[in-house]
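> let me see the structure of the following:
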Amino acid sequence: MKRRTFIASGVGAAAGATLLGGPVAAQSKEVIIATTAGLMERSLQEHFYRRFEKEQGIRVRSVPIELPDQWARAVAAGRSGGPAPFDIVTATPPDLIQHKDILLPIDCAKQETITKNALPNSCFPNGLMRTGGGMVMLWNGKNFPAGKEPQSWADFFDIAKFPGPRTLPDTGDREWWVPVMALLADGVPADKLFPLDLDRAYRKLDALKPSVAAWWKSGDNSMQILRGGEAVMAMVYSSRAVPLTKNEGFNFTWNQAIRDVGNWAILKNAPNAANALAFLNFFTTTPEEHVPFSAKVSFDSNNAAAANLIPPGERRFRPSWPDNWSKLVVADYEWIAAHRAAMRERWISWLTR
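Reported below is the predicted structural model:
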């Protein structure tokens, strides 16, 4: 999309962007975006940040930061009333609920570019879907070849039938993943998970804990653990499972994967709110960029036309492909947001005892 075309759409110039339907004054020629480091940040730079800078003349200051640290800084700034440390932050669905008081509302109906290009129902009152994937079960194909593969989280817990060390996440921002997985393994139907029976979940996890060789802290860390042979089976981001499966002899299933959606959100008191909104609109354009970006990060990204450009051989690896999407477990984010502090305390207490 040419720069003059994008500006004509009403979102290219920062002074023309609208929040809550009203005009926003022109701001500095930059936007500060916080996102997780590694592959995600590098791919955003390549496919979106640099193009945005070139086409809009607005510099992107990319801040690589993990979610707990990002929110700690954002919340502290919100309490002090000072300027936000970032314009755009990465938000999980519970984050959009838990931190709504420090997030800038977005009038989705007035964002014509988003409405035209984004996936249906992907713009929220205070956020925009960036990427979608799942927390999947992955295993080493050498240990569990075709015909002897695990099929469900119940198999993940079956050390006798599927022997070997496991690795699970301890990322500090999604303390509900592992209890949800444990309840699914214990036979709770996906539509009966919430409210979470944490006592039941942790009883199930007690039996598995001796077989957990490592608790990974990031996507890159999970891949290092698996490549190094510390674990033969894992719960990992689908964005890490896909390249490991394509290139390194691992395999995974979408069955009972927990839907993992990353969103963009704009902080209240963001120093460059109008530029931030211009970037969110820009992000949903140009399906030809979303296809290679999604292939690199192994998440689907927010452009409705991109799916038509995905080769049939790649569809197995895309969470939004209907056969895969229907298998994903969707959490009750309202319940999670309301109980997050207690869940975090329970998680830390269990993990460290």
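> please count neighbours and contacts with C-alpha atoms only from this point.
OK.
> the stretch 1-150 of the chain: strands as residue ranges?
Remark: strands assigned in the stretch 1-150 of the chain by DSSP state E, counting those that start in this stretch are 18-19, 22-23, 30-35, 59-64, 88-91, 123-124, 127-140.
> partner strands of the last one, parallel or antiparallel?
The pairing partners recorded for strand 127-140 under DSSP bridges are strand 123-124 (antiparallel), strand 233-237 (antiparallel), strand 250-266 (antiparallel), strand 300-301 (antiparallel).
> now the strands of the stretch 1-150 of the chain in JSON lines, with mean pLDDT and distance to Thr113?
Below are these laid out as JSON lines (pLDDT from 0 to 100; distance: least, CA to CA, whole Å):
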{"stretch": "strand 18-19", "mean pLDDT": "48", "distance to Thr113": "12"}
{"stretch": "strand 22-23", "mean pLDDT": "39", "distance to Thr113": "16"}
{"stretch": "strand 30-35", "mean pLDDT": "97", "distance to Thr113": "19"}
{"stretch": "strand 59-64", "mean pLDDT": "97", "distance to Thr113": "20"}
{"stretch": "strand 88-91", "mean pLDDT": "97", "distance to Thr113": "18"}
{"stretch": "strand 123-124", "mean pLDDT": "92", "distance to Thr113": "11"}
{"stretch": "strand 127-140", "mean pLDDT": "96", "distance to Thr113": "12"}
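> got the contact list for the most centrally placed residue in the chain?
The C-alpha lying nearest the average C-alpha coordinate of the chain belongs to Gly262 (CA atoms, centre = their mean; 3.1 Å). Contacts here follow CA atoms under 8 Å, 6 or more residues apart in numbering; on that basis Gly262 touches Thr90, Ala91, Thr92, Pro93, Met129, Arg130, Thr131, Gly132.
> report pLDDT for the closest residue to the last one other than its chain neighbours.
Going back to what we said before, that points to Gly132. The shortest distance from Gly132 to any non-neighbouring residue, by CA to CA, 6 or more residues apart in numbering, is to Val261 (4.4 Å). pLDDT, Val261: 88.
> I figured Val261 hits Thr92, correct?
Yes: counting by CA atoms under 8 Å, Val261 does reach Thr92; the two are 6.3 Å apart.
> need the contact list for the residue nearest to Gly132.
Thr92, Pro93, Met129, Arg130, Thr131, Gly132, Gly133, Gly134.
> the helices in the stretch 101-250 of the chain, which residues?
Secondary structure of the stretch 101-250 of the chain by DSSP state H, counting those that start in this stretch: the helices cover 112-117, 153-157, 177-185, 198-208, 219-227, 238-247.
> any stretches of the stretch 1-150 of the chain with poor pLDDT?
Residue ranges of the stretch 1-150 of the chain with pLDDT under 70: 1-27.
> for stretch 200-217, what is the average pLDDT?
97.
> please export the C-alpha coordinates of it as PDB.
Only the C-alpha atoms of stretch 200-217 are listed here, as PDB (Å, rounded to 0.1, in the frame of the first residue of the first chain):
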ATOM      1  CA  ARG A 200      -8.100 -31.000  41.900                       C
ATOM      2  CA  ALA A 201      -5.700 -29.500  39.400                       C
ATOM      3  CA  TYR A 202      -2.800 -29.400  41.900                       C
ATOM      4  CA  ARG A 203      -3.500 -32.900  43.100                       C
ATOM      5  CA  LYS A 204      -3.100 -34.000  39.500                       C
ATOM      6  CA  LEU A 205       0.100 -31.900  39.200                       C
ATOM      7  CA  ASP A 206       1.600 -33.400  42.300                       C
ATOM      8  CA  ALA A 207       1.900 -36.700  40.600                       C
ATOM      9  CA  LEU A 208       3.600 -35.200  37.500                       C
ATOM     10  CA  LYS A 209       6.000 -32.800  39.300                       C
ATOM     11  CA  PRO A 210       8.800 -35.400  39.800                       C
ATOM     12  CA  SER A 211       8.900 -35.900  36.100                       C
ATOM     13  CA  VAL A 212       9.200 -32.200  35.200                       C
ATOM     14  CA  ALA A 213      12.900 -31.700  34.500                       C
ATOM     15  CA  ALA A 214      12.700 -28.000  33.600                       C
ATOM     16  CA  TRP A 215      10.400 -25.100  33.800                       C
ATOM     17  CA  TRP A 216      10.800 -22.900  30.800                       C
ATOM     18  CA  LYS A 217      10.700 -19.100  31.000                       C
END
